[in-house]
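In: Got a predicted model here, sequence first, then my questions.
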Amino acid sequence: MDLPLGRATVASLAADESAAERTIAALIAAGIEAPSLSLCAHDVARARALADRLGVSGDRSAEDPLAGAPGLEGPVEQRARADRGALVGASVGILAGIAFGLSPVGQVAHVEPEFSIVADALFFFVIGIIGGAVLGTAIGPRLSTHVGYRLIDGMQEGSIAIIASCASHQITAASSAMTESNAVDVIVVD
């Protein structure tokens, strides 16, 4: 679920059902609409029962509660970006290795002169794969599970995650409502 531009996600943890109810009530009072709110817990049945009672969504995964938040991506997208980076790096590496092997300063490895181009191409091919995969992963959106690790850990300890998808101008109101209702680990993703 990708959110459109101008949208944000604000999330926090509530210690128990009554704390979650207070936080949901505070968010609704702050102008966040109930269909934009989600509950998530390690115990899926607990989260869905509470969500049904409060009139909010209970469809988020406890393993990745911030999936679909703007500026974040899931593991499949990040893996694809790393693979594309490795492919580009390998291509550039082979070309650089061939060029280096044909130059007078070539021969990275000590091999017979007739194999120096192949050795240089293979060496730069491997360096290109590694460098491309690392840069492909590092440049771009963060992994949603890396941003939401505090929520994930808290849910494993029995807390309930409350996620509000709101307009960017409502970030302050949503985070204030969560903080004032004693929710902890407030995370803003915009």
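Out: Noted; the coordinates are in hand. Residues are numbered from 1 along each chain as shown.
In: In the chain, what residue spans correspond to strands?
Out: Counting by DSSP state E, the chain has strands at residues 7-14, 37-41, 72-73, 142-143, 160-167, 184-189.
In: For stretch 41-53, buried residues please.
Out: By neighbour count with 16 or more other Cβ atoms under 10 Å, stretch 41-53 contains the buried residues 41-42, 47-48, 50-51. The way it works is simple: take the backbone N, C-alpha and C, and place the C-beta from them, glycine included.
In: which one of those sits closest to Ala99?
Out: Ranked by distance to Ala99 (Cβ to Cβ), the buried residues of stretch 41-53 are led by His42 at 54.4 Å.
In: The nearest residue to the closest one once chain neighbours are set aside and Ala173, how far apart?
Out: Distances taken as Cβ to Cβ, 6 or more residues apart in numbering put Met155 closest to His42, at 4.5 Å, once the chain neighbours are dropped. According to Cβ to Cβ, to the nearest Å, Met155 and Ala173 sit 24 Å apart.
In: picking up where we left off before, could you dump the strands of the chain to CSV with distance to Gly89 and mean pLDDT?
Out: As requested, these are arranged in CSV below (distance: least, Cβ to Cβ, whole Å; pLDDT from 0 to 100):
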stretch, distance to Gly89, mean pLDDT
strand 7-14, 32, 92
strand 37-41, 37, 94
strand 72-73, 20, 79
strand 142-143, 20, 77
strand 160-167, 36, 94
strand 184-189, 29, 91
